[in-house]
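Chemist: here is a sequence together with a model predicted from it:
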Amino acid sequence: MAAFVGACRGRDDERAREARELAARVCALAYDGGDLEAAEDVVLTLEEWADELVDHPYHPGVPRPDEADRLTRDHLKDVLRDELTTPARDWMSGTQLSLDVDFNALRRTRGLDRRIREDAFYAYGRGTMALDLGHRAAARREVARLRELRDTYAS
């Protein structure tokens, strides 16, 4: 929204400068461990400013809940990936590899019951989401769940 407000207002406009500063502040909050209330205030301000331009043909609109979740996850991944230590990145890569190997073994299994296949997709999705959010315990659970499915049904 900050980019939209800034682009519509022009480079020299005061509101455009403020929008860029607010966007930078939200990013800084994410790096500093975050102050949720401050971030929500910034987002509300940007939404108000964007609402003033609601008739603009390129107005971004309000994303659906699933789209908002996806955008948040993608942004969080991008922000956090640069901040991770090498051991954390290695752990994430190894866990992702485990998820991929077990999931692909189940996908290639012929004659697998539809419910088991859906369980595999569900566990894989939850595992990758847990990795995206840095939730180690949840990622480990989903790796174990996929491995159990693979050992039981993909032998």
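Modeler: Nice, I can see it. Numbers count the residues shown, from 1 in each chain.

Chemist: low-confidence ranges in the chain?
Modeler: 9-12, 27-36, 73, 75-83 (pLDDT under 70).

Chemist: go again using 80 as the cut-off
Modeler: 1-6, 8-13, 20, 23-40, 43, 58-63, 65-66, 68-85, 132-134, 155 (pLDDT under 80).

Chemist: other SSEs contacting the helix or strand where A123 lies?
Modeler: Secondary structure from DSSP states H and E places A123 in helix 114-133. Packing partners of helix 114-133 (3 or more Cβ pairs under 8 Å, 6 or more residues apart in numbering; DSSP states H and E): helix 65-83, helix 86-107, helix 136-153. The C-beta positions use only the backbone N, C-alpha and C, and glycine is treated the same way.

Chemist: and these: which comes nearest L53?
Modeler: Ranking the helices and strands packed on helix 114-133 by proximity to L53 (Cβ to Cβ) places helix 65-83 first, at 19.8 Å.

Chemist: run a quick neighbour tally on A123.
Modeler: If you count neighbours by other Cβ atoms under 10 Å, A123 ends up with 23.

Chemist: oh, I was asking about L133
Modeler: 15.

Chemist: now it: how far from R126?
Modeler: Separation of L133 from R126 (Cβ to Cβ, to the nearest Å): 11 Å.

Chemist: name the residues of the helix holding A123 that are buried.
Modeler: Buried positions in helix 114-133, judged by neighbour count with 16 or more other Cβ atoms under 10 Å: D119, A120, A123, Y124, R126, G127, T128, A130, L131, D132.

Chemist: the second one contacts F103, doesn't it?
Modeler: Yes - A120 sits in contact with F103 when judged by Cβ atoms under 8 Å, with a separation of 6.0 Å.

Chemist: and for the two, which residues touch both?
Modeler: Shared contacts of A120 and F103 (Cβ atoms under 8 Å, 6 or more residues apart in numbering): L146.
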